[in-house]
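Peer 1: Build me a structure from this.
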Amino acid sequence: MRAIVVEETGGPEVLRPTETADPVPGPGEAVVDIAARGVNFIEIYQRTGIYPVSLPWIPGSEGAGVVSAVGEGVTEVSVGDRVASVALRGSYAERAVAAAKDLVPVPDEVTLDQAAAVLLQGLTAHYLTHSTYPIQQGDTVLVHAAAGGTGQLIVQLAKRRGARVIGTVSTEAKERQARAVGADEVIRYTEQDVTTEVRRLTGGEGVPVVYDGVGAATFDVSLACLRPRGMLVLFGQSSGVVPPFDPQRLNAAGSVYLTRPSLGHYTRTREELLERASAVLGLVASGELAVQIGGRYPLAEASRAHTDLASRATMGKLLLVD
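Peer 2: Here you go, the predicted model:
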């Protein structure tokens, strides 16, 4: 089968199309013929060596397709099922294998492209808004990178829970997109001081929660935007890792909370995974959750997709498709 194989860490050029052996399912596993694969920042961190991986390595973990083979003891899925997963090992390939318990059904009303584009970021947006900080009716929340793939979904789910949403973006085009998915207020951080604007928009109080997937570039601003006993939800680091800091800063900021959650801790059981996936994909199926696909790239052009994602000039989800 065709696959993208990384033999040494480095720039996008190390993502090389290669012919490699087809995966074989072990007990409890299934093989998926992949129609679309999500491109995520974690693969950039792995490719560059920030997150170590064993080489040679086929990138990717998110995708959607059709089950083509199952291993011994599999009861969760059958050959021919349309499925998606955030645990498809080596999804930058024509086929990949996953534990059957990690595959979720894709409703007939949802395309495989949509499923691949929404699952990881949709599950993330769901646990952030429903569990990490369960948004309450009337909350004002701050969402960094509100026009990005995850940001747009957080905005939409926050609005469904009755929040007033303030989003940060870098350009006029991204402001239009953030407003299109429901942001009530948008701050262009390239032209405005975010802290000043958030304080103005909240009558000086600050917000009860900041959803921050940017990391190093926004961490200080995020702390400064919180009201007393507010929560900074740091769920990503697209701008780099937050340096070590003195916990006393949390006291000085108003006895605020800092959490660094991850999806795996919010989908620890198959029941919880299916509950969240059903909620997200159900909203897509009904047209109540908009999924923006920012670009489709042939599998062989994974390097271009990585370059575009790292530029932070894209809006919405990038996919590798056949």
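Peer 1: Now do the strands in the stretch 201-322 of the chain.
Peer 2: Here the stretch 201-322 of the chain has its strands, by DSSP state E, counting those that start in this stretch, at 207-212, 226-234, 257-259, 293-298, 317-321.
Peer 1: dump the residue contacts of residue 278.
Peer 2: residue 104 (C-beta atoms under 8 Å, 6 or more residues apart in numbering). (Each C-beta comes from the backbone N, C-alpha and C, glycine too.)
Peer 1: Can you give me the neighbour number for the nearest residue to residue 22 once chain neighbours are set aside?
Peer 2: Counting by C-beta to C-beta, 6 or more residues apart in numbering, residue 22 lies nearest to residue 1, which is 5.2 Å off, once chain neighbours are set aside. Using other C-beta atoms under 10 Å, residue 1 has 14 neighbouring residues.
Peer 1: Also the one 3 residues further on?
Peer 2: By other C-beta under 10 Å, the residues close to residue 4 number 27.
Peer 1: which stretch of helix or strand covers it?
Peer 2: Element membership for residue 4, per DSSP states H and E: strand 2-5.
Peer 1: between the strands of the stretch 201-322 of the chain, which one is nearest to residue 25?
Peer 2: strand 317-321 (22.2 Å; C-beta to C-beta).
Peer 1: residue ranges of the helices in this structure, please?
Peer 2: Using DSSP state H, the helices found in the chain span residues 41-48, 112-127, 149-160, 172-180, 194-201, 219-224, 248-252, 270-285, 302-310.
Peer 1: Which residues are in contact with the residue nearest to residue 22?
Peer 2: The contact partners of residue 1, taken as C-beta under 8 Å, 6+ apart, are 19, 20, 21, 22, 93, 94, 95.
Peer 1: now residue 310
Peer 2: Shown in contact with residue 310 (C-beta under 8 Å, 6+ apart): 12, 44.
Peer 1: ok, it to residue 240 distance?
Peer 2: Here the criterion is C-beta to C-beta, to the nearest Å. By it, residue 310 lies 12 Å from residue 240.
Peer 1: go on, residue 14?
Peer 2: For residue 14, the distance to residue 240 - C-beta to C-beta - is 20 Å.
Peer 1: Can you list phi and psi of residue 269 for me?
Peer 2: Note on residue 269: backbone dihedrals following degrees, to the nearest 10 are phi -120, psi 160.
Peer 1: Near it, how many other residues are there?
Peer 2: 9.
Peer 1: on that earlier part again, need the strands of the stretch 201-322 of the chain in a markdown table with mean pLDDT, can you?
Peer 2: Shown next, in a markdown table, are those (pLDDT from 0 to 100):
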| stretch | mean pLDDT |
| --- | --- |
| strand 207-212 | 98 |
| strand 226-234 | 98 |
| strand 257-259 | 98 |
| strand 293-298 | 94 |
| strand 317-321 | 95 |
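Peer 1: Can I get the ones you listed in JSON lines including mean neighbour count and distance to residue 196?
Peer 2: Formatted as JSON lines, the strands of the stretch 201-322 of the chain follow (neighbours: other C-beta atoms under 10 Å; distance: least, C-beta to C-beta, whole Å):
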{"stretch": "strand 207-212", "mean neighbour count": "27", "distance to residue 196": "14"}
{"stretch": "strand 226-234", "mean neighbour count": "19", "distance to residue 196": "15"}
{"stretch": "strand 257-259", "mean neighbour count": "15", "distance to residue 196": "22"}
{"stretch": "strand 293-298", "mean neighbour count": "17", "distance to residue 196": "30"}
{"stretch": "strand 317-321", "mean neighbour count": "24", "distance to residue 196": "32"}
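Peer 1: any chance of the ones you listed in JSON lines, with distance to residue 201 too?
Peer 2: Formatted as JSON lines, the strands of the stretch 201-322 of the chain follow (distance: least, C-beta to C-beta, whole Å):
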{"stretch": "strand 207-212", "distance to residue 201": "9"}
{"stretch": "strand 226-234", "distance to residue 201": "12"}
{"stretch": "strand 257-259", "distance to residue 201": "21"}
{"stretch": "strand 293-298", "distance to residue 201": "28"}
{"stretch": "strand 317-321", "distance to residue 201": "29"}
